[in-house]
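>>> Structure of the sequence below:
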Amino acid sequence: MNKTVYIIGHKNPDTDAVVSAVSYAKLKNLLGMPEYKAARAGHLNPQTSYIFDKFNVPRPEYLPDLIPKVKFFMQNEIQTVTENSSIWESIALMEKNENRVMSVVDNDGKYCSLLHYSGFAKGVLSILNPEKKHRFPTTIKLIQKTLNAQPIYIAGDSDSTFKASIHVASSSIETFEKRLSAHSSEDIVVIASDRKDIHKICIEHKVKLLITTSNCVIDKELKSLAEKNGVSVIVSPYSTAPTSMLIAYSMPVSSMGDADIKTVQVNDSVSKIKDILKDAHCKYLPVVDENNKVIGMISEHDLMKEPNIEVILVDHNELSQAVEGVEHYKIQEVVDHHRIGAISTKNPITFINRPVGSTSTQIAGMYQEYKIAIPKDIASLLLCGILSDTLILQSATTTNVDREMAEYLSSITDLDIKELGNEILIAGSNVSGREAGELVRQDLKEYSEGKVVYTVSQIEVGNTKEVLTRKEEFIKELEIECRSRKALFSCILVTDITTLSSIMLIHSDPKFEQFINFPKQEDNAYYLQGVVSRKKQLIPLLTERVSNYLK
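Take a look at the predicted model:
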């Protein structure tokens with residue numbers, strides 16, 4: 001399985017999280033590692049969408065979750081066989097490629113059935129059972145190909161499927177003629193050696209196919225008669241016994257495929273397919289796309305292997321903020337600038353966490369460390385990431401490293417810092433016409449302190465007046481988040497980008513309200529002078545109050 005390493009930010013991603021993932025994946029690719037791919041754990045907010053459109057950069061793949069799915073474990077490199085291939089050819093292909101199973105498909109590649117040894121053995125035994133008369137489907141062309149036979153004369157219906165009634169001409173002339181007469185209504189295939197009398201009787205009775213064995217060729221006169229009577233004649237290189245055995249393998253593989261085996265799709269969860277795999281006696285399931293075309297195979301053994309993806313987390317390091325299901329995979333690295341939360345890994349990893357204003361600053365620095373030139377479009381994204389996360393270098397989280405890196409990226413891109421910063425902040429600050437629930441969840445993070453959890457969202461606006469007039473809508477959405485997560489409280493920091501101050505709207509457990517001693521503007525709304533950073537300013541204040549509550 002080809003491994004993919006997803007570089008992904010937190011849920012409800014902001015601009016810094018998305019551009020960091022895209023820029024770091026590009027750095028990995030430039031270093032000769034094509035398996036690294038950017039992803040996002042949520043939809044782009046208006047500001048981030050504006051930035052990607054402005055610089056004409058493709059948006060990273062959306063991964064709503066990383067719950068173990070078929071596509072992370074399945075075998076991609078598989079062999080299929082078309083339904084009109086012979087059993088002999090199909091089994092040979094399975095042995096050559098050491099496959100235990102093989103999908104049978106139609107001419108368009110759509111799934112028909114699954115060929116596996118237990119089903120094949122059962123089918124062949126029923127045909128070879130001497131106590132049962134059995135006619136099997138085949139074509140003259142398949143018989144000839146299976147036996148590697150030399151065609152003498154082939155009638156025009158060589159590709160037409162018929163139910164073959166096999167007869168070996170080993171008895172006396174009289175007995176053999178009686179047997180042909182008794183089966184006159186059937187499509188008869190006769191296996192004969194070098195007996196000319198038998199050849200003549202078969203052609204006169206207009207059998208479907210005459211097979212001579214051991215490279216014995218019929219007389220020219222009989223050949224002319226065969227052509228006149230429409231009797232196909234081929235010459236097997238084998239003696240009668242092996243020819244009789246091999247002919248059973250000329251059936252089309254569709255007749256032996258197990259049509260009861262269910263198919264699965266790439267996005268089916270592992271938990272969903274486990275019972276289906278358990279019921280499949282061959283313990284394999286074909287993987288098909290939305291058009292029922294076979295694209296892979298998955299087995300119980302595959303589920304015991306390591307999945308074909310790993311991850312790098314950017315702009316977060318707490319599992320509560322990570323894409324759902326990430327704990328099932330190997331985390332290669334973390335690149336972040338937030339507080340260190342609760343995260344554990346099975347193996348040692350690269351963990352880069354510096355007290356700077358944005359993860360974009362760190363990613364840009366890594367290009368310099370590796371001495372890799374930053375492509376202009378990537379430099380533009382990184383500059384936007386820095387300016388967004390630091391409110392145009394005015395946030396309390398801004399460091400000299402951020403300022404120096406912003407100047408460096410500005411020189412590369414010929415973009416004016418203040419002009420670009422105002423442009424992208426305005427693009428993300430319009431709340432008119434947008435649902436309160438969307439605004440609450442567009443940049444929401446969950447935190448834990450001791451035994452309690454809480455959520456903090458943040459939006460940036462040109463004026464807080466509209467949000468305050470819609471306060472009840474926001475409080476209702478915060479109540480929903482609080483209740484669904486069994487949180488102590490849920491709040492949203494509404495930052496005014498013109499005054500560099502904020503208001504905080506909150507819904508909380510009534511017991512916690514007495515610990516909120518910020519200046520109260522109105523019910524459930526507090527004014528926070530000079531507070532613009534969730535990470536460096538608000539979270540430490542809230543952590544202190546939660547700690548007091550827990551004492």
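>>> any idea how far the host helix or strand of residue 18 is from the chain center?
Assigned by DSSP states H and E, residue 18 belongs to helix 15-30. Taking the mean of its C-alpha atoms, helix 15-30 sits 21 Å from the chain's own mean (CA atoms, centre = their mean, to the nearest Å).
>>> what packs against the helix or strand following that helix?
Using DSSP H and E, the next helix or strand after helix 15-30 towards the C-terminus is strand 36-41. Strand 36-41 sits against strand 4-11, helix 15-30, strand 61-62, with contacts defined as 3 or more CB pairs under 8 Å, 6 or more residues apart in numbering; DSSP states H and E. C-beta here means a position set from N, CA and C on the backbone, and glycine is covered the same way.
>>> Next SSE downstream of strand 36-41?
On the C-terminal side of strand 36-41, the closest following helix or strand by DSSP H and E is helix 46-54.
>>> so how far is that following helix from its chain's centroid?
26 Å.
>>> pLDDT (mean, whole number) over that helix?
The average pLDDT within helix 46-54 is 96.
>>> looking at the helices and strands packed on strand 36-41, which is closest to residue 68?
Residue 68 lies closest, by CB to CB, to one member of the helices and strands packed on strand 36-41: strand 4-11, at 13.9 Å.
>>> I figured residue 93 was touching residue 102, is that so?
Yes - using CB atoms under 8 Å, residue 93 is in contact with residue 102, at 6.9 Å.
>>> Name the residues of the helix holding residue 18 that are buried.
For helix 15-30, burial by neighbour count (16 or more other CB atoms under 10 Å) applies to 15-28.
>>> Please apply the same query to stretch 396-404.
Going by neighbour count (16+ other CB under 10 Å), the buried part of stretch 396-404 is 397, 398, 399, 401, 402, 403.
>>> okay, the helices and strands packed on strand 36-41 in JSON lines with distance to residue 163 and mean pLDDT next?
Shown next, in JSON lines, are those (distance: least, CB to CB, whole Å; pLDDT from 0 to 100):
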{"stretch": "strand 4-11", "distance to residue 163": "49", "mean pLDDT": "96"}
{"stretch": "helix 15-30", "distance to residue 163": "58", "mean pLDDT": "98"}
{"stretch": "strand 61-62", "distance to residue 163": "52", "mean pLDDT": "97"}
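>>> mind checking which of these is nearest residue 322?
That would be strand 4-11 among these, by CB to CB, at 6.5 Å.
>>> Can you check what angle separates that closest one from strand 36-41?
With axes from the mean of the first three to the mean of the last three CA atoms, to 10 degrees applied, the angle from strand 4-11 to strand 36-41 works out at 30 degrees.
>>> Pairing partners for strand 4-11, with directions?
Using DSSP bridges, the neighbouring strands of strand 4-11 in the sheet come out as strand 36-41 (parallel), strand 309-314 (parallel).
>>> Now render the helices and strands packed on strand 36-41 as a markdown table, adding distance to residue 69.
As requested, those are exported to a markdown table (distance: least, CB to CB, whole Å):
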| stretch | distance to residue 69 |
| --- | --- |
| strand 4-11 | 13 |
| helix 15-30 | 20 |
| strand 61-62 | 14 |
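>>> For residue 185, which of the ones you listed is the nearest?
strand 4-11 (60.1 Å).
>>> export stretch 307-327 as CSV, just CAs?
Output of stretch 307-327 as CSV, limited to C-alpha atoms (Å, rounded to 0.1, in the frame of the first residue of the first chain):
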residue,chain,number,x,y,z
PRO,A,307,-2.8,1.8,7.9
ASN,A,308,-1.5,3.5,4.8
ILE,A,309,-1.6,7.0,6.3
GLU,A,310,0.2,8.9,9.0
VAL,A,311,-0.3,12.5,10.1
ILE,A,312,1.5,15.7,11.0
LEU,A,313,-0.4,18.2,13.2
VAL,A,314,0.0,21.9,12.6
ASP,A,315,-1.3,24.8,14.7
HIS,A,316,-2.6,22.6,17.5
ASN,A,317,-1.4,19.8,19.8
GLU,A,318,-4.5,18.8,21.8
LEU,A,319,-6.5,15.8,20.7
SER,A,320,-9.7,17.6,21.6
GLN,A,321,-9.0,20.1,18.8
ALA,A,322,-7.7,17.5,16.3
VAL,A,323,-9.7,15.8,13.5
GLU,A,324,-11.8,13.0,14.9
GLY,A,325,-10.0,9.6,14.7
VAL,A,326,-6.5,10.9,14.6
GLU,A,327,-5.5,8.8,17.6
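>>> Which positions within it qualify as buried?
Buried residues in stretch 307-327, counted by 16+ other CB under 10 Å: 307-323, 325-326.
>>> From the centre of the chain, give me the residue that's furthest out.
Largest separation from the mean C-alpha position in the chain: residue 174, at 66.4 Å (CA atoms, centre = their mean).
>>> Could you pull up the mean pLDDT of the helix or strand harbouring that residue?
Counting by DSSP H and E, the element that carries residue 174 is helix 173-182. Per-residue pLDDT over helix 173-182 has a mean of 89.
>>> can you list contacts of the helix or strand that it is followed by?
Scanning forward in sequence from helix 173-182 by DSSP H and E, the next helix or strand is strand 187-192. Strand 187-192 has contacts (CB atoms under 8 Å, 6 or more residues apart in numbering) with 135, 143, 162-169, 180, 198-199, 202, 205, 207-213, 236, 240, 243-244, 247.
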